[in-house]
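Undergrad: Would you be able to build a 3D model of this:
(2 chains)
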Amino acid sequence: MTLMTKFLGAVAGVALSAGAALAEPALIFDLGGKFDKSFNEAAFNGAQRWAEETGGTFREIELQSEAQREQALRRFAEAGANPVITTGFAFADPVNAVAGDYPDTKFVNIDGWMPEVPANVQLIGFQEHQGSYLVGMMAAMASKSGKVGFIGGMDIPLIRHFGCGYAQGAKAVNPDIEVIANMTGTTPSAWNDPVKGSELTKAQISQGADVIYAAAGGTGVGVLQTAADENILSIGVDSNQNHLHPGKVLTSMLKRVDVAVYDSMKAGVDMETGGFTTLGLAEDGVGVAMDENNAELVSADMKAAVEEARQKIIDGELEVVAYYANDSCPALDF
Amino acid sequence: MDVMPKWAEVVLVPLISLLLAAVISALVILAIGEDPIAAASLMVEGAVGSVRGWGYTLYYATNFIFTGLAVAVAFHARLFNIGGEGQAMLGGLGVALALLYVPWPHWTIGLIAATGMAAAFGALWALIPAYLQAKRGSHIVITTIMFNFIASALLIWMLNEFLKPVGSQDPASARFATHLDLPTLNGWLASMGIKASKDDSVNVTFLVALACAVGVWVLMWKTRLGYEIRAFGHSESAAKYAGINPVKITVVAMLISGGLAGLMGINTVMGEAERLVLNSTEGAGFIGIAVALMGRSHPLGVVIAAILFGFLYQGGAELALWTSIPRELIVVIQALVILFTGALDNMVRMPLERMFLASKRRREAAKPERKPVEPAE
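TA: Prediction:
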């Protein structure tokens, strides 16, 4: 009997602490995991920055299984978390299905797409092809062999989108350049397989590539490591990864997921919802990372060329074709 | 032969194993500075303390019943089918194809069609390794695990090229028509006027899984085919001598096994996600091995073990939601249970056997003294 009361007491305690968490924002990380040094970590960094600046707290969960998606959304919404921020396109559909049941909760999905956006959902997308175009230009200018590499994570349209922008940028600088593209795998483990990333890097080096762009989440850590060991250049993705191997990482294609998360948390319950936010070069949502770690690698020519292309893309004079436009890429066959 | 009474075999051994796993897990949680008692109560409350918890516990259990039965059937023929993952993926693909392209008028008919397609696709995926094993002697462990990777590649290709709605970035199919949603426990409770959550968790597929468990029991212990499968598993040469065709038994056992694994697709694809997502199996095919081991390849044992694993999955999800215990450690806790109940089974069993043996001897030694020796006349 006493055990039972104790148990019930513990349950009540949990329920109370869950109820007391009113209006905290919640952040749900996709299956890649929080510390992937890339996409999800950028989201975490944004939330962390918000927490430090405002002194607020936020709830978070790293998913373990597909069935947890809907569950986590409902549990956070019912516990009063607001807004509920999700990372990764795989959340678009569950958010779409759940949002209607919680009209007072605001949901944010980064990278997702929905045919119609419910009134309490905001989708945040990035123009990854524009940023990838710029790093593609830099890769082609830095390459001496006339061959550059691309290593993607899982073979999905989003990653082809990265690779397509990259190839277009490289070919804009040198029409004869050869772009060697590989995907790490066909299962979600491709996002977190640094060993395979390292093997692919070696394979691409043996084919002559001397600059390799990794758009592969945690797998990219292995790509960058091997590139540094083999003394060629690499390009990081999502977060600024220049510091991982100073002087060996040419640049990083920044995708400011951290800014998106930070802004959403800052806006809090007053956030505008019901539409798409697209962050491209103009909004500094994507870009190239320049810091002291790669200062020696980036020539003045490179900087000027990238700056010029950036401005042209913003002004609409230069169009980078998106892979999604017709599910194919003019510069690269996958 | 039987040194332990049945109840000790069925209840005591798994229970002690679970306790040991719990103790080590508690030490692990203590080591990272969290409260093990709070964590345990959170797990119990989250998995079986509410309608929602039960919903998800039984949802996961449904998956594990299917894959556990699949492994168990193959085990009886001494075939180690570790391709449940790929067979379930293909089963899911079958369900999606059945539901996307044919406008079924009602979910019952849709469910029958989905069941047929799931079983057919899963069985088909097991057929090739089975044939290679039966005719060519290619080891089933190697071929089935290779077929998991092929299944994964096939699935992503199908999703990317054919099933993905235009404009979507997610490699997943469109949603099925809403009238094909399977009735869930939550929906049923709500219609009875009981307040329940709106999750798409446990659904009628659970009943299909239970029916399959009964079906497997009947098949294995009440039919000629089941007898042949078990005889083949006990001794291939004796079975051959008795006129049992080894090729036929290998292929048939694997077809049943693959079909059962494929049926998991109804639960995940039609029941929960209501669309085909890339990662719909998420390791349940491999968990099935642990479930079959723990359930001693008996359908009843498989069902009980599946519910235990469902509890671990759902309890682990709750831990991830409300504590800062990292998900890697939750996997450690789940792994400890598998380790103690599956792999280290003999560690508990052997001392227990010795204990029972000793007490039996003592009783036997004491018996004659207590027996009345008076003659009857």
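Undergrad: Which residue comes closest to the residue nearest the centre of chain B once chain neighbours are left out?
TA: Geometric centre of chain B, nearest residue: B:Phe64, 2.5 Å, by CA atoms, centre = their mean. Nearest non-adjacent residue to B:Phe64, counting by CB to CB, 6 or more residues apart in numbering or on different chains: B:Ala306, 3.6 Å away. C-betas here are computed from N, CA, C, even on glycine.
Undergrad: what do you get for A:Ala305?
TA: A:Met137 (6.0 Å).
Undergrad: mind checking which helix or strand the one you found is in?
TA: helix A:128-142 (DSSP states H and E).
Undergrad: Can you tell me the strand partners of the helix or strand following that helix and which way each runs?
TA: Sequence order places strand A:147-154 as the next helix or strand after helix A:128-142, per DSSP H and E. Strand A:147-154 sits in its sheet next to strand A:178-185 (parallel), strand A:211-215 (parallel), going by DSSP bridges.
Undergrad: how many degrees apart are strand A:147-154 and helix A:128-142 in direction?
TA: When axes from the mean of the first three to the mean of the last three CA atoms, to 10 degrees is applied, the directions of strand A:147-154 and helix A:128-142 differ by 150 degrees.
Undergrad: Which helix or strand lies directly C-terminal to strand A:147-154?
TA: Heading C-terminal from strand A:147-154 (DSSP H and E), you reach helix A:157-173.
Undergrad: and that following helix, what's its mean pLDDT?
TA: Regarding helix A:157-173, the rounded mean pLDDT is 93.
Undergrad: go on, stretch B:227-240?
TA: Stretch B:227-240 carries an average pLDDT of 94.
Undergrad: Please apply the same query to stretch B:55-66.
TA: Mean predicted confidence for stretch B:55-66 is 95.
Undergrad: quick one, strands of the stretch 201-350 of chain B?
TA: Ranges of strands within the stretch 201-350 of chain B: none, based on DSSP state E, counting those that start in this stretch.
Undergrad: Show me where it dips below the pLDDT cut-off.
TA: Counting by pLDDT under 70, the stretch 201-350 of chain B has no low-confidence residues at all.
Undergrad: of all the residues in it, which ones are close to chain A?
TA: Within the stretch 201-350 of chain B, the positions lying close to chain A (CB under 8 Å from any CB of the partner chain) are B:201, B:268, B:272-273, B:275, B:277-280, B:282, B:313, B:316-317, B:320-322, B:326-327, B:330-331.
Undergrad: Next, the buried residues of stretch A:146-162.
TA: Within stretch A:146-162, the residues that count as buried by 16 or more other CB atoms under 10 Å in any protein chain shown are A:147-162.
Undergrad: Check whether A:Asp327 really touches A:His161, as I assumed.
TA: No: A:Asp327 lies out of contact with A:His161 (CB atoms under 8 Å); the separation is 10.1 Å.
Undergrad: picking that back up, can you tell me which of the strands paired with strand A:147-154 is packed in deepest?
TA: Most buried of the strands paired with strand A:147-154, by mean neighbour count (mean count of other CB atoms under 10 Å in any protein chain shown): strand A:211-215, with a mean of 31.
Undergrad: Report the mean confidence score over stretch B:28-46.
TA: Taken as a whole, stretch B:28-46 carries a mean pLDDT of 89.
Undergrad: just stretch A:82-99 next, same as before
TA: Stretch A:82-99 comes out at a mean pLDDT of 90.
Undergrad: Could you check how many residues crowd around B:Ala290?
TA: Applying other CB atoms under 10 Å in any protein chain shown, we find 23 residues neighbouring B:Ala290.
Undergrad: Which residues lie in contact with it in this structure?
TA: Residues near B:Ala290 by CB atoms under 8 Å, 6 or more residues apart in numbering or on different chains: B:305, B:309, B:338, B:341-342.
Undergrad: Rebuild those as JSON lines, extending it with distance to A:Val259 and neighbour count.
TA: What follows is these, written out as JSON lines (distance: CB to CB, whole Å; neighbours: other CB atoms under 10 Å in any protein chain shown):
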{"residue": "B:Ala305", "distance to A:Val259": "47", "neighbour count": "27"}
{"residue": "B:Phe309", "distance to A:Val259": "41", "neighbour count": "27"}
{"residue": "B:Ile338", "distance to A:Val259": "42", "neighbour count": "19"}
{"residue": "B:Thr341", "distance to A:Val259": "47", "neighbour count": "26"}
{"residue": "B:Gly342", "distance to A:Val259": "47", "neighbour count": "16"}
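Undergrad: Looking at those residues, which is nearest B:Arg52?
TA: B:Phe309 (18.3 Å; CB to CB).
Undergrad: Can you verify my assumption that the closest one contacts B:Ile289?
TA: No: B:Phe309 lies out of contact with B:Ile289 (CB under 8 Å); the separation is 11.2 Å.
Undergrad: my read: the residue nearest to A:Ala305 touches A:Val173, true?
TA: Yes: applying CB under 8 Å, one finds A:Met137 in contact with A:Val173, separated by 5.1 Å.
Undergrad: Report the set of residues contacting both of those two.
TA: Counting by CB under 8 Å, 6+ apart, the shared contacts of A:Met137 and A:Val173 are A:Ala305.
Undergrad: out of those two, which sits in the more crowded spot?
TA: Counted by other CB under 10 Å, A:Met137 and A:Val173 do not tie: A:Met137 has more neighbours, with 25 against 19.
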